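J.: I'd like to go over a predicted model; first the sequence, then the structure.
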Amino acid sequence: MATKEILSRHEERMQKAVEALRKDYQTLRAGRATPAILDKITVDYYGTPTPVNQVGNISVPEPRMIVIQPWEKTMLGPIEKAILKSDLGLTPSSDGSVIRLLIPQLTQQRRTELVKVIHKKAEEARVAIRNVRRDANEAIKKVEKDKLISEDENKKAQDDMQKLTDKYIKDIDTVMTAKEKEIMEV
């Protein structure tokens, strides 16, 4: 019983690591307009840092354009400043009621830079998975040391943990390959 609980608790942490990677990849600009690229941008809204999607309507009328329509006209300036300060590399244009973001075609150089970023983030996720495995193995060893499970159960639980680790690392590689393909698509 104790090993199953340890395995399920740590498997949940591995799932969260893969989900965090997916979320992280959504914020990378792949040459297509998607509201998710604005997720990390916050605006000063009456003294409180607030995500852009909570101060206005975000829509994608064309494949290479994002339109932000703030609920208050006074937010136009702060939203523009926040976008300019961000690492998106986009220049907002405003007509007094909405902000338009044109997503330029990615250059080959920018694509290769993004692929490097993708690989770095995937490696960070793999390290997170391995850390979870280490924590689980330590918990399993502790349970054995406390004489709650036998040496054979310890070995089996560690083998099961390794299988979970392999599965989630494969998931990370699949997500990374898909994002890399999306970025390199012309």
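T.: Nice, thanks for sending it over.
J.: And for the residue lying closest to residue 72 once chain neighbours are set aside, the neighbour number?
T.: Nearest non-adjacent residue to residue 72, counting by CB to CB, 6 or more residues apart in numbering: residue 55, 7.5 Å away. Glycine gets a C-beta too; all of them are placed from N, C-alpha and C. As a burial measure, residue 55 scores 20 neighbours (other CB atoms under 10 Å).
J.: Looks like residue 55 contacts residue 76 (just checking).
T.: No. The pair residue 55 and residue 76 does not pass the contact test of CB atoms under 8 Å, sitting 10.2 Å apart.
J.: who touches both of those two?
T.: residue 70 (CB atoms under 8 Å, 6 or more residues apart in numbering).
J.: Would you mark the buried spots in the longest helix belonging to the chain?
T.: For the chain, the helix reaching the highest residue count under DSSP state H is reported as helix 108-145. Applying a neighbour-count criterion of 16 or more other CB atoms under 10 Å, the buried positions in helix 108-145 are 111, 114, 118, 121-122, 125-126, 128-129, 132-133, 136-137, 139-140, 143-144.
J.: Kindly list the main-chain dihedrals of residue 107?
T.: Here is the backbone geometry of residue 107 (degrees, to the nearest 10): phi -80, psi 160.
J.: what's near enough to touch the residue nearest to residue 72?
T.: Residues in contact with residue 55 (CB under 8 Å, 6+ apart) are 43, 45, 70, 71, 72, 75, 79.
J.: number of nearby residues for the first one?
T.: Residue 43 sits with 21 neighbouring residues when counted by other CB under 10 Å.
J.: According to the record, where do the domains of this structure fall?
T.: When the chain is parsed with automatic domain parsing, its domains come out as 2-26+107-184, 35-102.
J.: what would those look like in JSON lines with mean pLDDT?
T.: Listed next are the domains of the chain as JSON lines, based on pLDDT from 0 to 100:
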{"stretch": "domain 2-26+107-184", "mean pLDDT": "88"}
{"stretch": "domain 35-102", "mean pLDDT": "85"}
